[in-house]
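[1] output the structure for:
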Amino acid sequence: MSKIVILGAGISGHVAASHLRRKLSKEHEVVVVSPNSNYQWIPSNIWVGIGRMKSKEILFPLAPLYRKKNITFLQAKAVSFHPEGDIEEVKPYVLSEYVVGEKKGTQEKVTYDYLINATGPKLNFEATDGLIPGSNKTYSVCTYGHADHAWHGLNELIQDMKKGKKAKILIGTGHAKATCQGAAFEYILNVEQELRKHKVRDMAEVTWISNEYQLGDFGMDGMLLSYGGMTMKSSEMVEMIFDEL
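    I've put the predicted structure just below:
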C-alpha cells in the first residue's frame, strides 16, 4: 500500500488526484492538502470579470466530491517539507497547518510515500507598488473573488460612461517577472467587446501594458497557431486581431 500526497487542488493538483484515484486500487491512499475549500476553473475568470458568468458557475466545493471519490482532503497549508523525516518520524512528511474548523492553527505531520507539489504560483502583487487589488482603483482577475470585484468596478465605470463621463482603462501585467500575459490579452479583448455591447466604446481610452518585447510572446517566445487553414506565429495573429478592432 502506498500513500500519495498532493499539495494543491488547482488544475494540476485536482487532475492528478482524480486520475490517481481512478487508476489506483483502493488499498492505495490519495490525500489532497490545500488551504482552499473550492476548486475554480481559472481560465473562466476573464468571463466573471466582465459579468458574463457568475463566480459560482466556475467553482465547486472540494470536500463533498473528494469524500464521494474516496480521496482524503485536508484543508490546510504546507508549512515545511521533511523528505528524510526527523527524529520522531522516520517516514518523509509535510508539516501542514489547518486553516479552518476546530483544528485551525494546529499542525500535523502528513506522511507520504510519494509527493506531488502542485501548489502553483504565489500571487506577488506587492512586487509592483500600488498594484494591490482593492487599492488605487486596481483590480485583478487572478481569482474568482478578484474577478467579481473587477466586474463590479468595470460595471460602475460603464454606468458612468453612459452618463457622459469619459474613462481611461489600463489593462496588463505588473513587474518584469510577471509572465501570465494570456489572461491580460484575453481580458482586454473581453472588455473591448463589453464596451461595444454597452455602446460606450467611444468614451473609453483603453491601454494595454506588457513587459514583453513582442505581441504574442506569452512568456514562451511565441507559438505557432492554425487559423483559417493557415499556420502563423502568435505575434502575427495578435497583430491581426488588434488591427481588426
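[2] and the lowest-mean-pLDDT helix or strand in the chain, what does it pack onto?
    One helix or strand of the chain scores below all others by mean pLDDT, DSSP states H and E: helix 234-244, with a mean of 78. Helix 234-244 sits against strand 224-227, with contacts defined as 3 or more CB pairs under 8 Å, 6 or more residues apart in numbering; DSSP states H and E. The way it works is simple: take the backbone N, C-alpha and C, and place the C-beta from them, glycine included.
[3] now for the strand it packs on, which elements pack on it?
    Other helices and strands packing on strand 224-227, by 3+ CB pairs under 8 Å, 6+ apart, are strand 230-233, helix 234-244.
[4] restrict the least confident helix or strand of the chain to CA atoms and write it as CSV.
    Presented in CSV, the C-alpha positions along helix 234-244 are these (Å, rounded to 0.1, in the frame of the first residue of the first chain):
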residue,chain,number,x,y,z
SER,A,234,1.2,34.1,-32.4
SER,A,235,2.7,37.5,-32.8
GLU,A,236,1.2,37.8,-36.3
MET,A,237,-2.2,36.6,-35.1
VAL,A,238,-2.4,39.0,-32.2
GLU,A,239,-1.4,41.9,-34.5
MET,A,240,-4.2,40.8,-36.9
ILE,A,241,-6.7,40.7,-34.1
PHE,A,242,-5.7,44.2,-32.9
ASP,A,243,-5.9,45.6,-36.4
GLU,A,244,-9.5,44.3,-36.7
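[5] and the contacts of it?
    Identification of contacts with helix 234-244 by CB atoms under 8 Å, 6 or more residues apart in numbering yields 185, 189, 214-218, 222-225, 227, 232.
[6] and that helix, how far out from the chain middle?
    25 Å (CA atoms, centre = their mean, to the nearest Å).
[7] in that helix, which residues are buried?
    Of all the residues in helix 234-244, those buried under the rule 16 or more other CB atoms under 10 Å are 234, 235, 236, 237, 238.
[8] quick one: the helices and strands packed on strand 224-227 as JSON lines, columns for distance to residue 206 too.
    Compiled in JSON lines, the helices and strands packed on strand 224-227 are given as follows (distance: least, CB to CB, whole Å):
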{"stretch": "strand 230-233", "distance to residue 206": "24"}
{"stretch": "helix 234-244", "distance to residue 206": "11"}
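[9] so, low pLDDT: which residues of this protein?
    Residues of the chain meeting the criterion pLDDT under 70: 179-180, 219, 245.
[10] my read is residue 146 is in a strand, agree?
    No. For residue 146, which was evaluated using DSSP: H, G, I helix; E, B strand; the rest coil, the result is helix, with no strand membership.
[11] residue 51: neighbour count?
    Counted by other CB atoms under 10 Å, the residues lying close to residue 51 total 17.
[12] use 60 as the first number from now on
    In the new numbering, first residue 60, that becomes residue 110.
[13] ok, it - contacts?
    Residue 110 is in contact with 210, 213, 214, 253, counting by CB under 8 Å, 6+ apart.
[14] to residue 183, which of the helices and strands packed on strand 283-286 lies closest?
    For the helices and strands packed on strand 283-286, the distance to residue 183 is smallest for helix 293-303, at 25.2 Å, taking CB to CB.
[15] good, we can wrap up now.
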